[in-house]
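[1] below are the sequence and a predicted model; questions follow.
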There are 2 protein chains.
Amino acid sequence: MGITKTQIFNVEQNQLAIIFKVLSNPARIAILQYISQQESCICNDIVDEIGLAQPTISQHLKELKSIDLIKGEIEGKKVCYCINLSKWTEVQTLLNSFFNTTKSNCC
Amino acid sequence: MGITKTQIFNVEQNQLAIIFKVLSNPARIAILQYISQQESCICNDIVDEIGLAQPTISQHLKELKSIDLIKGEIEGKKVCYCINLSKWTEVQTLLNSFFNTTKSNCC
DNA sequence: TTTATATATTGCAATATTACGATAATAAAC
DNA sequence: GTTTATTATCGTAATATTGCAATATATAAA
């Protein structure tokens, strides 16, 4: 089939899965790490840094944006991508909550 | 293509991506949550609880085992699955390290 | 207004993932 | 040893993901 049976799981489970899926690619991890280290974060720099084609990077950036992990400010003909700190912290808290809850109930 | 260019990323990036990928499915989230709540955690119980076919659950359990997030003890004809607490904590620490490092460097 | 630069979108091929039926393997019960 | 119960594996269909070339869009510069 290839399709996940989303409807049989609850909102929290699907939400966690979506977050994990966005983070489940080394290119997107590398992009996040690179963006966080830059003063000004421009897509074309990312292309040079990561070593994937420009459309591929653009697609990964779109996926990161889809859950608001990053935000892009248009500066002339460039786009300055930055980590969305509030969402970043929110996600970290959510994941820790999942890890702590699951851990503490362990038999 | 469909294949991730693993070779252009470092060990940490690939490792994080693999962990996130294992966690990127709501069925596997649900399985982890369910296992953590049970005294004795048997695959057939999981099948009843989650609502996916037995081979599907078995496959998901295999993926969770592939990074040692769970361990299965054979008890007669049943298998008792449990969260692998040491690995669980290790993964949580690793993810927090990633989140903290990436966050703190943000411009 | 043409040209150059930066990013996004589209379309496609290769591969991966999800799910399940059929079946195999294992071990207890009889 | 046969049966029953539990879990794993195989094979397969449907869908998703990854990556890129070609192209579109948008803005600045000339």
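    That came in fine, so what should we check first?
[2] for residue A:16, what are its contacts?
    A:94-95, A:98, B:23, B:26, B:29 (C-beta atoms under 8 Å, 6 or more residues apart in numbering or on different chains). From N, CA and C alone the C-beta is placed, and that goes for glycine too.
[3] residue A:53 too?
    If you count contacts by C-beta under 8 Å, 6+ apart, residue A:53 has them with residue A:47.
[4] can you show me the helices along chain A?
    Listed in chain order, the helices of chain A (DSSP state H) span A:11-22, A:26-37, A:43-50, A:54-66, A:85-104.
[5] that older thread, out of the contacts of residue A:16, the closest to DNA strand C would be?
    Compare each of those with DNA strand C using C-beta to the nearest atom of the strand and the shortest gap goes to residue B:26, at 7.4 Å.
[6] rewinding a little: ok, of the contacts of residue A:16, which come out buried?
    Neighbour counting with 16 or more other C-beta atoms under 10 Å in any protein chain shown marks A:95, A:98, B:23, B:26, B:29 as buried within those.
[7] now those as CSV including distance to DNA strand C?
    Listed next are the buried ones among the contacts of residue A:16 as CSV, based on distance: C-beta to the nearest atom of the strand, whole Å:
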residue, distance to DNA strand C
A:95, 18
A:98, 17
B:23, 10
B:26, 7
B:29, 11
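[8] in those, find the pair that's most separated.
    The most widely separated members of the buried ones among the contacts of residue A:16, counting by C-beta to C-beta, are A:95 and B:26 (14.7 Å).
[9] you'd agree residue A:25 is up against residue A:61?
    No - using C-beta atoms under 8 Å as the test, residue A:25 is too far from residue A:61 to be in contact (11.9 Å).
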